[in-house]
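# Next comes the sequence, and after it the predicted model I'd like to discuss.
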Amino acid sequence: MDNAQNRRNRMVESQIEARGITDPDILDAFRTVPRENFVPDNLSEFAYDDGPLPIGDDQTISQPYIVASMIEAAEIEPSDRVLEVGAGSGYAAAVMSRIAEEIFAVERFEKLARTARERISALGYDNCTIITGDGMQGLEEEAPFDAILVAARIEDVPAALKQQLAIGGRLIIPVGDEDLQQLTCITRKQTDEWETREIAPVRFVPLLPGSVAEDGSRAASNHEASSSLTTPELLAETGEQLKGIDDAGFAAAFDRFADRRVVMLGEASHGTEEFYRARAAITRRFVEKHGFTIVAVEGDWPDAAAYDRLIRNKPASRRSRQPFQRFPTWMWRNTVMPGLLRDLKAVNAEKSPEMQAGFYGLDIYNMHASINAILAYLDENDPEAAEVARERYGCLTPWQADPATYGRAAMRSGFAECEQPVIEQCRELLEKALEMDGASFDAAMNARLVASAERYYRIMYYGGAESWNLRDSHMAETLEYLLQQRGPGAKALVWAHNSHIGDARATEMGRVRSEHNIGQLAREKWGDEVALIGFGTHDGTVTAASDWDGEHETMTVNPSRRDSYERLCHDSGKSPMLLDFKAASVVAQRLAKPRLERFIGVIYRPETERWSHYAEAVLPQQFDAYCWFDRTRALQPLAEYEPRGESADDLYPFGL
């Protein structure tokens, strides 16, 4: 089964069937029609996302669930003749053609109609006709119709459409103003008798040209708190004005969270300097003043071990490659990190070994370095076990430098021959780790990484939530092992993207895609002992790449969308600002309405930003607090500013 078919099946299961639409004819039609054929080529990767996409002429292809809801409400039968008003890309007409006997679809934009005809013809759907014309007038020459579906809003239902219904026929149409419409079903009972019922609130483009583009999704209920203030005014009044990052008062403002066992510090992008500097300032203070002993980051365990050796004044490993050489190198080799590591080293020098802060990687990508670290440990401590390990890892050897290649090979063979051996190796080392020295623990954690990475690279070619969930489960379990290993009083700071540390249950990740993340898992494990702090920005610049493994660039960040949380913060006029949702319940209540939130990772594509980088979330449920910087700058990769002429000790690991 190809990947597109897998994605269609998941769309049907998670977006349509899971929301209560169970008609087998509808579900089969959505499984059959390739939605990627009906969107622009540059948006094909988003074809099965749970939302609308642009198709040109200020029009969109609607959210799959909305299309399914309209078809269900129309009660289309195999013998029916159906009219669609507003064909757009032709997708809804194509889906209905797999259910009904004959479909006619009218589109007022000639270019869209022509493209829709070509798509329909290429698929061989010969019972579907696309016509350029005025949908307000219906299609009298082909009337009557058993069902008419209108994919655009209108304030008054056109009489022509009602008259072109067969007796018993149903007209499905969004009725209302530009802010909100009711998806309405009008059934023709007799020649001059119609019955009307409302189905659900929606938002659509106007039937005639207008200024508002389709949102394409269900409208959320308004749960705003009663107040004479607008939401930006409320944020300005209740948000806490922060000092500059270099002022000691900045980090001190976060002391309210210092009694937690785990404090997670997010970022809205992997390439914003203010996010790194802010987290570095908070980390310095929490390690020095509040006894935090774990700094755990969204990076690989063997690479982070080089930083850990530096700040705890341990000798450099002679067998390791340079740390953090895998894309994206700027995440942990940037101009913020040397200063933080030197500060942590200085703070650690004043502490006993058990109270020193360690630097740890939670992620699973660097399989190659982990295997080398395990073998190096076993060579020194148990040569016979090292030979056994080499045999067990032998089937992974061809793929160590590019583990993704292993995933492709495992998928083709139908199962992973390496899974059981690497899990067995992990189990044996973990059983000894907590009873022995730190080197044994490090080897055991590398073994866990190899076991998780083997599964991750195998399943990621099937797509879906499983690979994401495996990765975040691994990070959460690694954090738990660290807290156990560092003792009952251990406290951890976690640096990771907002998409990892913000509770997934409050976002599309959890609600639509059945994905969990480390923030959710930590809350489930430790409850109120966890603080999740998100970071956001309105505009500026960011370091990112256009494609995976591409060259980094300094990119301009688009101003935030007017329907986003970021725009509300921007309009408050206060920056930097801290929103503490636990302390300000009125703010949490006001922001409880789902809105768009921006997520920029290591890839940034401004031209498709709405579909590439925004997702719906409920901010006060996602985070305990939110730190806001209105305008931000691109993080500077260290490679362009590598210091020279200093001692190896001062530069390690950056001077390697």
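Arrived safely.
# For I603, give me its contacts.
Each residue near I603 by C-beta atoms under 8 Å, 6 or more residues apart in numbering is listed here: A544, A545, S546, D547, W548, S612. (Each C-beta comes from the backbone N, C-alpha and C, glycine too.)
# of the residues you listed, closest to S44?
Of all the contacts of I603, S612 has the smallest distance to S44: 12.2 Å, by C-beta to C-beta.
# Surely the closest one is in contact with G51?
No. Using C-beta atoms under 8 Å, S612 is not in contact with G51, being 11.5 Å away.
# more crowded one of these two?
Using other C-beta atoms under 10 Å as the criterion, S612 and G51 rank with G51 on top: 24 against 20.
# How confident was the prediction at the closest residue to F46 other than its chain neighbours?
Computed as C-beta to C-beta, 6 or more residues apart in numbering, the closest residue to F46 that is not its neighbour in sequence is W611, at 4.5 Å. Note for W611: predicted pLDDT of 81.
# And the residue lying closest to L638 once chain neighbours are set aside, how far from L341?
Counting by C-beta to C-beta, 6+ apart, L638 lies nearest to R333, which is 4.3 Å off, once chain neighbours are set aside. For R333, the distance to L341 equals 11 Å [C-beta to C-beta, to the nearest Å].
# And for L83?
For L83, the distance to L341 (C-beta to C-beta) stands at 67 Å.
# For those two, work out which one has more neighbours and name it.
L83 (28 against 21).
# which residues of the chain score low on pLDDT?
Along the chain, the parts satisfying pLDDT under 70 run over 1-2, 177-180, 202-228, 317-321, 365-382, 384-465, 467, 549, 640-656.
# coming back round to it: the residue nearest to F46: neighbouring residues, count only.
Neighbourhood size, W611 [other C-beta under 10 Å]: 19.
# how far does the host helix or strand of it sit from the chain's center?
Using DSSP states H and E, W611 sits within helix 609-613. The chain centre lies 10 Å from the centre of helix 609-613; the measure is C-alpha atoms, centre = their mean, to the nearest Å.
# Check what contacts it and list those residues.
43, 46, 49, 51, 53-54, 558, 561, 598-600, 603-605.
# and the next element down the chain from it?
If you walk from helix 609-613 toward the C-terminus, the next helix or strand you reach (DSSP H and E) is strand 614-617.
# other SSEs contacting that following strand?
If you count contacts as 3 or more C-beta pairs under 8 Å, 6 or more residues apart in numbering; DSSP states H and E, strand 614-617 packs onto helix 508-511, strand 595-598.
# 6 Å - rerun?
Helices and strands touching strand 614-617, by 3 or more C-beta pairs under 6 Å, 6 or more residues apart in numbering; DSSP states H and E, are strand 595-598.
# Mind checking what secondary structure F30 has?
The three-state label given to F30 by DSSP: H, G, I helix; E, B strand; the rest coil is helix.
# Quick one: neighbours of the spatially closest residue to it that is not a sequence neighbour, just the number.
Counting by C-beta to C-beta, 6+ apart, V12 is the residue found nearest to F30 once chain neighbours are left out, at 5.0 Å. Residues lying near V12 (other C-beta under 10 Å) number 21.
# again with G519
Neighbour count of G519, defined by other C-beta under 10 Å: 31.
# Nearest spatial neighbour of it, chain-adjacent residues omitted?
Using C-beta to C-beta, 6+ apart and skipping the chain neighbours, the partner closest in space to G519 is I501 (4.3 Å).
# do P637 as well
Nearest non-adjacent residue to P637, counting by C-beta to C-beta, 6+ apart: W330, 3.9 Å away.
# Q163 and Q484: what is the separation?
73 Å.
# Let's verify the spatially most central residue of the chain: helix, strand, or coil?
For the chain, the residue nearest the mean C-alpha position is S499 (5.3 Å; C-alpha atoms, centre = their mean). Assigned with three-state DSSP, S499 falls in the helix class.
# how near is it to A544?
Distance from S499 to A544, by C-beta to C-beta: 15 Å.
# Check Y604 too.
Taking C-beta to C-beta, one finds Y604 at 4 Å from A544.
# shared neighbours, those two?
Common neighbours of Y604 and A544, using C-beta atoms under 6 Å, 6 or more residues apart in numbering, are M555.
# related to what we said a few turns ago, residues near the residue nearest to P637, how many?
W330 is flanked by 24 other residues according to other C-beta under 10 Å.
# cool, I154 as well?
Count around I154 with other C-beta under 10 Å applied: 20.
# Save the contacts of helix 609-613 as TSV, and put in distance to F30 and secondary structure too.
Formatted as TSV, the contacts of helix 609-613 follow (distance: C-beta to C-beta, whole Å; DSSP: H, G, I helix; E, B strand; the rest coil):
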residue	distance to F30	secondary structure
L43	18	helix
F46	16	helix
D49	14	coil
G51	15	coil
L53	16	strand
P54	21	strand
N558	32	coil
R561	28	coil
R598	29	strand
F599	27	coil
I600	31	coil
I603	29	strand
Y604	31	coil
R605	27	coil
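# From those residues, pick the one nearest E101.
L53 (29.0 Å).
# That closest one contacts I61, correct?
Yes. The pair L53 and I61 qualifies as a contact (C-beta atoms under 6 Å) at a distance of 5.2 Å.
# Spit out the residues that contact these two alike.
In contact with both L53 and I61: V39, using C-beta under 6 Å, 6+ apart.
# quick one on the thing from earlier: which of Y604 and A544 has more residues huddled nearby?
A544 (26 against 22).
# In contact with that one, which residues?
A544 is in contact with G271, M555, V602, Y604, counting by C-beta under 6 Å, 6+ apart.
# List the neighbouring strands of the strand or helix carrying it plus their orientation.
If you go by DSSP H and E, A544 is part of strand 530-544. Strand 530-544 has the following strand partners under DSSP bridges: strand 262-265 (parallel), strand 553-557 (antiparallel), strand 625-632 (parallel).
# List the buried residues of the second one.
Residues M555, V557 are the ones in strand 553-557 that count as buried (16 or more other C-beta atoms under 10 Å).
# Show me the contact partners of that strand.
Outside strand 553-557, the residues that touch it by C-beta under 6 Å, 6+ apart are D539, G540, T541, V542, A544, Y604, A634.
# again, but for the last one
The list of residues contacting strand 625-632 from outside it, by C-beta under 6 Å, 6+ apart, reads 272, 274, 533-540, 569-570, 575-580.
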